[in-house]
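Asker: pasted the sequence and its predicted model underneath.
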Amino acid sequence: MIKLADVSYVRLGTRDLEGATHFATEYLGLDVAERAKGSVYFKSDEREHTLCYFEGDPGDQVVCFEVEEQFHLDEAAAQLESLGHPVRRGTASEAALRKVHDFIAFRDPTGNPIELTWRPAYSGRRYHGARDAGITGFSHVGLCSSDLARDEAFWTKVTNAQVSDRIGDAPLLRIDEVHHTIALFPSVKPGIQHINHQVETGDDIMRSHQFLKDRQVRMVFGPGRHPTSSAKFLYFEGPDGMVFEYSSGVREIADELLWRERQFMFEPKGFCKWGAKPNIAEFNK
Ligand SMILES: CC(C)c1ccc(C(=O)O)c(O)c1O
Ligand SMILES: [Fe+2]
């Protein structure tokens, strides 16, 4: 079993690196960690970076998870290969670009590019957002799934992910005490459906709602409150149609033995306690 210790970073291709950088700093509230040739790295917490935009195809979207030991990469590679997922070892220069010691790359059953990394860099430089969005860190991703049951089986049988709750057949998967780190999202194509940053308070959600709306950023869902994680949330659209989520107050599952996964309906009341309706095509079928 592959033990995922944390979600580490996402890498997003873009044809407009300057535009994406402007959005990430001035609107989303991230901090530029480094500008390199063809890439910009962004900080959202104590890590060296949690998001990298690079010049390239916006369809190139990678999510990376950290493992605890280098030999876990070898074990993971062997297991994934045996299950029919071709694995590629990252080269030293690719690892340097990602600011990690070592990594492997493969695709999940839907075809989402996934990386597993060992020793991603942390930073002594404190994160302070370019604007005060109240971000406390990068927390989870929504991953597209063309077959929810198959992909739930992959993540829960091949890795340490466990179902915390389901909305319809879409599972919210945890790898530690945080309610979820991966949200599978029904879709006909692979990709990252959304990128979540936690913010400090519900006030931060409402402040950002006003701030982003004033700047004509497209709101996708919320403000609202998820019945599943119990977090207050806001979803909005960033560069190349990527959806970003702020949420605050995500549930922690301290005692696994006392937790039983719950079933919510795949309809607005399954997504929001306050009655907000998602403006997301896949949710309105
Ligand atoms: C709309 C999506 C998949 C979703 C649903 C529930 C939560 C939560 O409980 O926090 C999310 O974070 C989501 O992104
Ligand atoms: Fe989310």
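Answerer: Yes, it's here. Numbers count the residues shown, from 1 in each chain. Ligands and ions are numbered 1, 2, ... in the order given.
Asker: could you tell me the end-to-end distance of stretch 235-248?
Answerer: Across its full length, stretch 235-248 reaches 12 Å end to end, with Cα to Cα, to the nearest Å as the criterion.
Asker: got the CA positions of the helix or strand encompassing S208 in PDB?
Answerer: Here S208, judged by DSSP states H and E, is contained in helix 202-214. What follows is helix 202-214, C-alpha atoms only, in PDB (Å, rounded to 0.1, in the frame of the first residue of the first chain):
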ATOM      1  CA  GLY A 202     -15.600  32.800   7.500                       C
ATOM      2  CA  ASP A 203     -14.900  36.600   7.300                       C
ATOM      3  CA  ASP A 204     -12.000  35.800   4.900                       C
ATOM      4  CA  ILE A 205     -14.500  33.900   2.700                       C
ATOM      5  CA  MET A 206     -16.900  36.800   2.600                       C
ATOM      6  CA  ARG A 207     -14.200  39.500   2.200                       C
ATOM      7  CA  SER A 208     -12.800  37.500  -0.800                       C
ATOM      8  CA  HIS A 209     -16.300  37.100  -2.300                       C
ATOM      9  CA  GLN A 210     -16.700  40.900  -2.300                       C
ATOM     10  CA  PHE A 211     -13.100  41.500  -3.500                       C
ATOM     11  CA  LEU A 212     -13.200  39.100  -6.300                       C
ATOM     12  CA  LYS A 213     -16.800  40.000  -7.400                       C
ATOM     13  CA  ASP A 214     -15.700  43.700  -7.600                       C
END
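Asker: show me what counts as buried in it.
Answerer: In terms of neighbour count (16 or more other Cβ atoms under 10 Å), helix 202-214 has its buried residues at G202, D204, I205, R207, S208, H209, L212. The C-beta positions use only the backbone N, C-alpha and C, and glycine is treated the same way.
Asker: for stretch 274-285, same thing?
Answerer: A276, P278, I280, F283.
Asker: I'd like the mean pLDDT over the helix holding S208, please.
Answerer: On average, the pLDDT along helix 202-214 is 98.
Asker: in three-state terms, how would W155 be classified?
Answerer: helix (DSSP: H, G, I helix; E, B strand; the rest coil).
Asker: tell me the contacts of the residue nearest to it when sequence neighbours are not counted?
Answerer: Nearest-residue entry for W155: A161, 4.2 Å, with adjacent residues in sequence omitted and distances by Cβ to Cβ, 6 or more residues apart in numbering. In this structure, A161 makes contact with L4, W155, L173, R174, I175, T181, I182, judged by Cβ atoms under 8 Å, 6 or more residues apart in numbering.
Asker: please name the nearest non-neighbouring residue to E252.
Answerer: The shortest distance from E252 to any non-neighbouring residue, by Cβ to Cβ, 6+ apart, is to E177 (4.6 Å).
Asker: whoops, G19 was the one
Answerer: Counting by Cβ to Cβ, 6+ apart, the residue nearest G19 is P239, at 6.0 Å.
Asker: hmm, the one you found is touching T14, no?
Answerer: Yes. Using Cβ atoms under 8 Å, P239 makes contact with T14 at a distance of 5.7 Å.
Asker: give me the common contacts of the two.
Answerer: Residues touching both P239 and T14 (Cβ under 8 Å, 6+ apart): A20, Y53, P58.
Asker: which parts of this structure sit against ligand 1?
Answerer: By Cβ under 6 Å from any ligand atom, the residues of the chain that approach ligand 1 are 142, 167, 172, 183, 185, 194, 196, 226, 228-229, 231, 245, 247, 271.
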